[in-house]
Structure formats: structure tokens, C-alpha cells
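Visitor: Only the shape, not the letters, is given here:
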């Protein structure tokens, strides 16, 4: 969430209004509370930290894909279903490649 926001600010020069930032902060706070509940639930600490690291990595990869898609497709006008198909065609190979590397 924050990562996508910062990528879009960096790539597109967008700036968000205060209510956008407040919404991001509230969602982030909720995620932190749930994450802390998982850590304090008695699960082994190392596996909790590893899980949180995987979530952060997945979020970064997903946000880079989203911002890249927006960057590529911002100059084109097309039907929304066709755009979803293009997004799927761009995401599938990259995520499959990443999954194959991570499974080694």
C-alpha cells in the first residue's frame, strides 16, 4: 500500500490528498496490529519474521508490477476487459518466473 503510493509518486509525480494518507495510515495500522497478534500468539518468532519478510517482498513485487502496468498503459485507450487481459498477460510470465526462482 505505501510502496505503491511511493512508486506512483516517484514514477508519475502524483501527489495525494490528506484523506488518502489517512486511509493508508489506517490500513497500515490494521496490518501492523494483525501482524503483532501473529507474533504474540506463540508461533515461533523466526517463522513469523520470515512470513512478514515474504509479505513485504510480495508487496514490493506486486506494487512494481502495478505501477509499471499503469506507466505502460497510461498512453493507450482501450476497452477495460482488454486492459485486464493485457495486465494478466504481463503479470503471468513475471510472477511465474519469480515463483520458479523462489522454489529452487
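Guide: Noted; the coordinates are in hand. Not measured: the values here are computed from a predicted model. Residues are numbered from 1 along each chain as shown.
Visitor: what residues are up against residue 19?
Guide: Not one residue lies near residue 19 by C-beta atoms under 8 Å, 6 or more residues apart in numbering. All C-beta spots, glycine's among them, are computed from the backbone N, C-alpha and C.
Visitor: Which of the helices or strands spans it?
Guide: Element membership of residue 19, judged by DSSP states H and E, is helix 18-39.
Visitor: Determine the set of other helices and strands touching the following helix or strand past that helix.
Guide: Downstream of helix 18-39, the first helix or strand assigned by DSSP H and E is helix 45-73. Applying 3 or more C-beta pairs under 8 Å, 6 or more residues apart in numbering; DSSP states H and E, one finds that helix 45-73 contacts helix 2-12, helix 18-39, helix 80-102.
Visitor: and with 6 Å instead?
Guide: helix 2-12, helix 80-102 (3 or more C-beta pairs under 6 Å, 6 or more residues apart in numbering; DSSP states H and E).
Visitor: Among those, show me which one is buried the most.
Guide: helix 2-12 (a mean of 15; mean count of other C-beta atoms under 10 Å).
Visitor: now the angle from that helix to helix 45-73?
Guide: Orientation of helix 2-12 against helix 45-73 (axes from the mean of the first three to the mean of the last three C-alpha atoms, to 10 degrees) gives an angle of 30 degrees.
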